[in-house]
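Undergrad: Provided below for reference: sequence and predicted model.
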Number of protein chains: 2
Amino acid sequence: MKIEILSIGNEILSGATIDTNFVYLASRLLEEGYQVAFHEVIPDDPKIMKEVFQRALNRSSIVITTGGLGPTIDDRTRDVTADVFEKKLVLSEEVKEYLIKRYGKGLSTIEIQSMVPEDTKLLKNEVGVAPGFFYEGKSSMFVFPGVPSEMKAMFENFALKEILELLSNEKKMYSKSMYLCHVSEHMVDPYLRDLERAYPDVEKGIYPGYGVLSIGFKVKESSEKKATGILDNCIDAIAEKFYTHVYSTEEKDIALAVHTHMTKHGLTLATAESCTGGNIAAKITEISGASNYFLGSIVSYSNHMKESVLKVRKQTLDAFGAVSEEVVKEMLEGAMQASGADYVMAVSGVAGPTGGTPQKPVGLVYCGLMKKGEEPHVAKILAKGAAKRHLVIEYTTNFMLGTLYRKVVYDITPFSNVKTSIPVSR
Amino acid sequence: MKIEILSIGNEILSGATIDTNFVYLASRLLEEGYQVAFHEVIPDDPKIMKEVFQRALNRSSIVITTGGLGPTIDDRTRDVTADVFEKKLVLSEEVKEYLIKRYGKGLSTIEIQSMVPEDTKLLKNEVGVAPGFFYEGKSSMFVFPGVPSEMKAMFENFALKEILELLSNEKKMYSKSMYLCHVSEHMVDPYLRDLERAYPDVEKGIYPGYGVLSIGFKVKESSEKKATGILDNCIDAIAEKFYTHVYSTEEKDIALAVHTHMTKHGLTLATAESCTGGNIAAKITEISGASNYFLGSIVSYSNHMKESVLKVRKQTLDAFGAVSEEVVKEMLEGAMQASGADYVMAVSGVAGPTGGTPQKPVGLVYCGLMKKGEEPHVAKILAKGAAKRHLVIEYTTNFMLGTLYRKVVYDITPFSNVKTSIPVSR
């Protein structure tokens, strides 16, 4: 049984919007054991949509569409689906009542948004307005809205169980991933080649991030037990070599690994950020419950705020400049003073693309970490090759979260792994 | 003449790799005046590739493929292309010499990488190893490697001029966009429907963000002047209705609109963030040169840091709770005190998904803005329908940046547009 995903929308075809819906659906289906066979992006043009829908239903057993379900003139998916299945559009009282319940009677588009093709099953939209639906037949079709949060909730809460039901007799693809920090692709590569010889049927992938690295293993097997055994052997072989670098075998987000450990052990954290501009705090607080361990961040972007809030001394700023070991040390002390946290982190650097000098080039970041009652640790890293500002910021954020993780979990001395420069881009 | 892009590779179909090649090619072609008509992602499977290549050549005049040109067993694009055009693969002495010149004779894959289908024109790879090529016929096909840096160089330096040549008799697509804040999709829709009557040939698109909205107009015309006239009329018609809501006709990023205005007028800003957790600061400082106007942010996630850094009084916190008008007022004053900025903004709310109460539900955010020497403005918004934590954060961030923009550019009283609740989704 083939699965095909169709993304509808001129904004995707024009390159203006990245098709995150496809990435989400393909990854989630693979997690469940099924690889997507085809993916096509098509314009909001009813004639083309009809032709592509029909071909997809011919070559694939499960067709999933995203986009084109809104109330406006360029939203055509509802009509085209009805046309392809030769069904009428009818007003769903269920949808109408649900919309009135959530938005009141004032919503001007209630009537339009309550229309669905007859003989389809409803997929409730718990996040937004446009309902989804699915048609079960020789080939089945799942129709989702294009707003990512709406599509995701609908997929997880209503559609997934229907899709798994349809696929229940298929051989599954099993996969496992592991997530590492402070390790580069070429350090891991030789061990993956060893695994290639030992397990030629396992698909292996390395996906470098900035300051983090994901490794994925996939195998098609008739039994889950056998697959799990093989995949666990692969994971263990890598983990044996990079034990204190593995922060998760479940979740890519390194902030979540930090979150889980800190919360479990009742530890608290505060940060003082200059060049990362609040990104470390934003990444930490994206996770619900962060307030259980994260006390706050002082984003001292100006020298004045370094002095007024973090009590960095004017002499230190004048003598060494804001991007210096000395200032980061005082930022650590200021953050500790203001927060009373168990751990504080501080960063100051040149995110670029402007502002670099021969002595302090773009990508240079002074990083600090201090445990309450211990000496501060400060080191400089050079995010070499990271031409882009946001990559310097992302790299520094992940690098700092990795440093904290390895300190609190494995008691690795902060920055003991730092060489003179770190190649940021792959 | 239709343009179609085919991306080849299991790693894209599995959702593990984002197809940045497609985004690049589609955006660049649109910049040149041509919209991509179709985009399909297909596996490294020769049978499927052949079928899809043939269909693409039937429905589109220009077919561009990326991926599958490497030296390994799963790289099949070379063979399949030769097969589709019924050509033999031949060793290109030109490629071989070029590879030896750049990599020496030691490169083990020289022979494989020098094979190209006969009667095709070579596209030199100045960055990597795999050469590209193109076949010119009734429908033409451009074959690129999948490594983004190699594809980009090949496209810009060799392929683009050939593509533009093929398209030289086509009418160009001209496009303009406008970006609005504090406006919802359904407020704009009636005016777009009016435009649909006045300019039926103009393609119109509304792309709602969270707290922001993009509107795009595209038209195919023989003359740039005529196109510009039409597109400007469309932009003007919407701008007339929503004048103080339009923050740009160039860039989607509302932080950039704020950045440009504040920098130009020498104004400074500081923020005090609770529920947004540093996201406002992170969004602002993503833009190079933010330090010219942004002084910093105090992310007072804990009550302790609200007191120690922002000098919010314990009595106020005890009496009204952290999520209250009174606390946000004191946060504004504290941020003003610490930063000395011309403008300060503060937010405190319930980002969820936990922590909501009947009195203070998830999505409730108290928002504050104060100009130096003026009274503070505080209002509450309810990010209704935003079930997800990161959407409450994103909505609040964009809403606050919009509020600041409208205050500094049009002197709109902060929060004068706030109703009891704001539907977040679309």
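TA: Received the coordinates, thanks. Numbering: from 1, shown residues only, chains lettered A, B, ... in the order given.

Undergrad: what is the burial count for the residue nearest to A:Val344 when sequence neighbours are not counted?
TA: What sits nearest to A:Val344 in space, not counting adjacent residues and going by Cβ to Cβ, 6 or more residues apart in numbering or on different chains, is A:Ala335, at 4.2 Å. To be clear about C-beta, it is placed using only N, CA and C from the backbone, and glycine gets the same treatment. Other residues near A:Ala335 number 32, with proximity taken as other Cβ atoms under 10 Å in any protein chain shown.

Undergrad: quick check: buried residues in stretch A:92-103?
TA: A:Ser92, A:Val95, A:Lys96, A:Tyr98, A:Leu99, A:Tyr103 (16 or more other Cβ atoms under 10 Å in any protein chain shown).

Undergrad: run the contact check for the one helix or strand the fifth one maps to versus chain B.
TA: A:Leu99 is located in helix A:93-103, with elements delineated by DSSP states H and E. Yes - Helix A:93-103 comes into contact with chain B (Cβ under 8 Å from any Cβ of the partner chain), by way of A:Arg102, A:Tyr103.

Undergrad: just give me the closest of the buried residues of stretch A:92-103 to chain B.
TA: A:Tyr103 (6.7 Å; Cβ to the nearest Cβ).

Undergrad: could you measure from the closest one over to B:Phe399?
TA: Taking Cβ to Cβ, to the nearest Å as the measure, A:Tyr103 falls 19 Å from B:Phe399.

Undergrad: related to what we said a few turns ago, distance to B:Met331 and pLDDT added to the buried residues of stretch A:92-103, as CSV?
TA: CSV is the format used below for these (distance: Cβ to Cβ, whole Å; pLDDT from 0 to 100):
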residue, distance to B:Met331, pLDDT
A:Ser92, 46, 91
A:Val95, 42, 89
A:Lys96, 42, 91
A:Tyr98, 38, 88
A:Leu99, 37, 87
A:Tyr103, 32, 81
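
Undergrad: touching chain B at all, the helix or strand A:Val143 falls within?
TA: If you go by DSSP H and E, A:Val143 is part of strand A:140-144. No - Strand A:140-144 lies out of reach of chain B by Cβ under 8 Å from any Cβ, never closer than 13.9 Å.

Undergrad: show me what that strand is packed against.
TA: strand A:62-66, helix A:77-84, strand A:121-123, strand A:132-135, helix A:148-154, helix A:160-166 (3 or more Cβ pairs under 8 Å, 6 or more residues apart in numbering or on different chains; DSSP states H and E).

Undergrad: extract the C-alpha set from stretch A:328-346 and format it as PDB.
TA: C-alpha atoms of stretch A:328-346 as PDB (Å, rounded to 0.1, in the frame of the first residue of the first chain):
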ATOM      1  CA  VAL A 328      31.600  36.900  30.800                       C
ATOM      2  CA  LYS A 329      32.900  36.100  34.300                       C
ATOM      3  CA  GLU A 330      31.200  39.200  35.700                       C
ATOM      4  CA  MET A 331      28.000  38.400  33.800                       C
ATOM      5  CA  LEU A 332      28.000  35.000  35.500                       C
ATOM      6  CA  GLU A 333      28.400  36.500  38.900                       C
ATOM      7  CA  GLY A 334      25.700  39.100  38.200                       C
ATOM      8  CA  ALA A 335      23.300  36.400  37.000                       C
ATOM      9  CA  MET A 336      24.000  34.400  40.100                       C
ATOM     10  CA  GLN A 337      23.400  37.400  42.300                       C
ATOM     11  CA  ALA A 338      20.100  38.300  40.600                       C
ATOM     12  CA  SER A 339      18.700  34.800  40.400                       C
ATOM     13  CA  GLY A 340      20.200  32.700  43.200                       C
ATOM     14  CA  ALA A 341      20.100  29.800  40.700                       C
ATOM     15  CA  ASP A 342      22.100  26.500  41.100                       C
ATOM     16  CA  TYR A 343      23.600  27.000  37.700                       C
ATOM     17  CA  VAL A 344      24.100  30.100  35.600                       C
ATOM     18  CA  MET A 345      25.300  30.400  32.000                       C
ATOM     19  CA  ALA A 346      26.500  33.500  30.200                       C
END
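
Undergrad: any buried residues in that stretch, and which?
TA: Quick answer for stretch A:328-346 (16+ other Cβ under 10 Å): A:328-336, A:338-346.

Undergrad: for the helix holding A:Leu99, the distance to its chain's centre please.
TA: 32 Å (Cα atoms, centre = their mean, to the nearest Å).

Undergrad: how about the residues of the stretch 151-300 of chain A by chain B?
TA: A:153, A:205, A:207, A:216, A:270, A:273, A:276-282, A:284-286, A:288-291, A:294-300.

Undergrad: can you tell me which of those residues end up in strands?
TA: A:Gly205, A:Tyr207, A:Gly216, A:Ala270, A:Glu273, A:Phe294, A:Leu295, A:Gly296, A:Ser297, A:Ile298, A:Val299, A:Ser300 (DSSP state E).

Undergrad: so which of those residues is the closest to B:Glu86?
TA: A:Gly205 (35.0 Å; Cβ to Cβ).

Undergrad: residues contacting that closest one?
TA: Residues near A:Gly205 by Cβ atoms under 8 Å, 6 or more residues apart in numbering or on different chains: A:Ile215, A:Gly216, A:Phe217, A:Lys218, B:Glu11, B:Ala16.

Undergrad: adding neighbour count, write these out as JSON lines.
TA: Below are the contacts of A:Gly205 laid out as JSON lines (neighbours: other Cβ atoms under 10 Å in any protein chain shown):
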{"residue": "A:Ile215", "neighbour count": "27"}
{"residue": "A:Gly216", "neighbour count": "20"}
{"residue": "A:Phe217", "neighbour count": "24"}
{"residue": "A:Lys218", "neighbour count": "23"}
{"residue": "B:Glu11", "neighbour count": "16"}
{"residue": "B:Ala16", "neighbour count": "20"}
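
Undergrad: could you export those as CSV, including pLDDT and distance to B:Thr228?
TA: Formatted as CSV, the contacts of A:Gly205 follow (pLDDT from 0 to 100; distance: Cβ to Cβ, whole Å):
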residue, pLDDT, distance to B:Thr228
A:Ile215, 91, 51
A:Gly216, 89, 48
A:Phe217, 92, 54
A:Lys218, 90, 51
B:Glu11, 82, 41
B:Ala16, 78, 42
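
Undergrad: run through who's touching the strand holding A:Val143.
TA: A:21, A:53, A:57, A:61-67, A:69, A:77-78, A:81, A:85, A:120, A:123, A:132-135, A:150-151, A:154-155, A:159, A:162-163, A:166.

Undergrad: give me the nearest residue to A:Val378, chain neighbours excluded.
TA: A:Gly368 (4.4 Å).

Undergrad: only alpha carbons, please: show the strand or helix carrying the one you found as CSV.
TA: Using DSSP H and E, A:Gly368 sits within strand A:364-371. Extracted in CSV, the C-alpha atoms of strand A:364-371 (Å, rounded to 0.1, in the frame of the first residue of the first chain):
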residue,chain,number,x,y,z
LEU,A,364,33.9,34.3,18.3
VAL,A,365,31.9,33.7,21.4
TYR,A,366,33.0,33.7,25.1
CYS,A,367,31.0,31.1,26.9
GLY,A,368,30.6,30.8,30.7
LEU,A,369,29.1,28.3,33.1
MET,A,370,29.1,28.4,36.9
LYS,A,371,27.7,26.1,39.5
